[in-house]
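[1] only geometry, no sequence info:
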């Protein structure tokens with residue numbers, strides 16, 4: 001299994017266009033600190049790739065990854081489709097960038113598909129431009145080239161534009177379990193994690209690599225930064241450190257564990273921050289843009 005990390009930032013990226021916080025100011029002054037919206041590219045077979053989430057940075061992310069470049073034909077692309085973890089705008093706005101494709105497959109859970117088709121009307125909007133094959137992700141493994149993909153429910157949190165629609169079910173936001181039967185390797189990708197359930201714990205224990213929500217370092221970070229009156233947990237993101245944090249759970253796993261989806265206020269956005277040393281002491285890592293993961 002081969003993956004390219006296309007981005008590791010939470011909503012707005014790093015820097016965020018309308019923010020002058022220390023994290024964003026530091027990223028403007030030091031371009032190497034810049035991070036694009038959290039996303040992966042997954043090779044499912046030779047010359048065929050799927051994007052995990054379609055972010056506002058999709059065009060630049062594809063250009064930064066040579067394996068995703070078009071060719072040899074003038075309109076041939078190795079990008080076959082998109083796997084979605086939720087219906088949030090930061091993970092779906094990039095679908096509009098794929099309208100030039102002859103066809104594209106989009107796989108998501110039932111409530112996410114309903115939000116995209118009934119609330120955002122993406123079927124009607126994109127239909128005149130390209131052929132989109134909408135497919136459903138469930139908890140059962142679905143063949144994806146040489147791999148399989150299945151959904152692990154993690155949260156009933158829905159995007160603001162879909163408030164009041166559907167039922168409160170944890171399939172609104174899922175982790176993706178990506179499995180390579182030939183290599184007997186599994187990767188778990190959970191960029192948004194509101195609750196650490198028994199089902200998620202079981203999925204972690206069966207994985208060889210886990211990329212998990214690292215939006216906030218600790219629970220009070222949004223309050224200290226002054227952009228919210230809610231804690232990290234209240235915003236639907238388990239923090240990394242402190243009581244209720246995910247670090248102690250991840251450090252007990254056999255899997256390689258990396259944090260992604262970093263908010264612009266998270267000190268981990270600075271490569272020189274002391275928090276990186278603390279992560280290393282726990283045996284954990286921070287994912288970086290353009291890194292390659294091979295299992």
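    Nice, thanks for sending it over. As the structure is a computational prediction, the values presented were derived from the model and not from experiment.
[2] who does the closest residue to residue 113 other than its chain neighbours bridge with?
    Nearest residue to residue 113 in three dimensions, chain neighbours excluded: residue 134, at 5.9 Å (CB to CB, 6 or more residues apart in numbering). For the C-beta atoms, the positions are set from N, CA and C on the backbone; glycine is no exception. Beta-bridge partners for residue 134, by DSSP bridges, are residue 106.
[3] Also residue 286?
    Going by DSSP bridges, residue 286 is paired in beta bridges with residue 259.
[4] you'd agree the residue nearest to residue 113 is up against residue 126?
    No. Using CB atoms under 8 Å, residue 134 makes no contact with residue 126, being 10.4 Å away.
[5] residue ranges for the strands of the stretch 1-150 of the chain, please.
    All strands of the stretch 1-150 of the chain, identified by DSSP state E, counting those that start in this stretch, fall at 2-7, 39-45, 48-52, 79-83, 103-108, 131-136, 142-144, 147-155.
[6] Just put those strands in TSV and tack on mean pLDDT and mean neighbour count.
    Putting the strands of the stretch 1-150 of the chain into TSV (pLDDT from 0 to 100; neighbours: other CB atoms under 10 Å) gives the following:
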stretch	mean pLDDT	mean neighbour count
strand 2-7	98	23
strand 39-45	97	22
strand 48-52	98	23
strand 79-83	97	22
strand 103-108	96	20
strand 131-136	97	14
strand 142-144	97	15
strand 147-155	97	22
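[7] Please, where are all the helices along the chain?
    Listed in chain order, the helices found in the chain under DSSP state H are 22-29, 58-63, 89-92, 110-114, 122-126, 198-205, 221-225, 247-250, 275-281.
[8] out of the ones you listed, deepest packed?
    Most buried of the helices of the chain by mean neighbour count (mean count of other CB atoms under 10 Å) is helix 89-92; its value is a mean of 23.
[9] That one packs against which elements?
    Using 3 or more CB pairs under 8 Å, 6 or more residues apart in numbering; DSSP states H and E as the contact test, no helix or strand touches helix 89-92.
[10] what's in contact with it?
    The contact list for helix 89-92 (CB atoms under 8 Å, 6 or more residues apart in numbering) reads 10-12, 37-39, 53-56, 84-85, 116, 120, 122, 159, 161, 191.
[11] Kindly recompute the last result at 7 Å.
    11, 37, 53, 54, 55, 56, 84, 85, 116, 159 (CB atoms under 7 Å, 6 or more residues apart in numbering).
[12] Over to stretch 111-123?
    By CB under 7 Å, 6+ apart, the list of residues contacting stretch 111-123 reads 84, 86-87, 92, 95, 134, 136, 158-159, 161-162, 165-166, 169, 171-172.
[13] ends of that stretch, how far apart?
    One end of stretch 111-123 to the other measures 15 Å (CA to CA, to the nearest Å).
[14] Same question for stretch 128-146.
    31 Å.
[15] my read: the residue nearest to residue 113 touches residue 107, true?
    No. Counting by CB atoms under 7 Å, residue 134 sits too far from residue 107 to count as a contact (8.1 Å).
[16] and the gap between the closest residue to residue 107 other than its chain neighbours and residue 257?
    Closest residue to residue 107 apart from its sequence neighbours, by CB to CB, 6+ apart: residue 135 at 4.6 Å. Distance, residue 135 to residue 257, using CB to CB, to the nearest Å: 29 Å.
[17] and what of residue 20?
    32 Å.
[18] which of the contacts of stretch 111-123 are buried?
    Among the contacts of stretch 111-123, those classed as buried by 16 or more other CB atoms under 10 Å are 84, 86, 87, 92, 95, 158, 159, 162, 166, 171, 172.
[19] Out of the contacts of stretch 111-123, which one has the lowest pLDDT?
    Among the contacts of stretch 111-123, residue 166 has the lowest pLDDT, at 72.
[20] State the pLDDT value of residue 244.
    87.
[21] hmm, back to that, ok, which of the strands of the stretch 1-150 of the chain comes nearest residue 207?
    Across the strands of the stretch 1-150 of the chain, residue 207 has its closest neighbour in strand 147-155 (10.0 Å, CB to CB).
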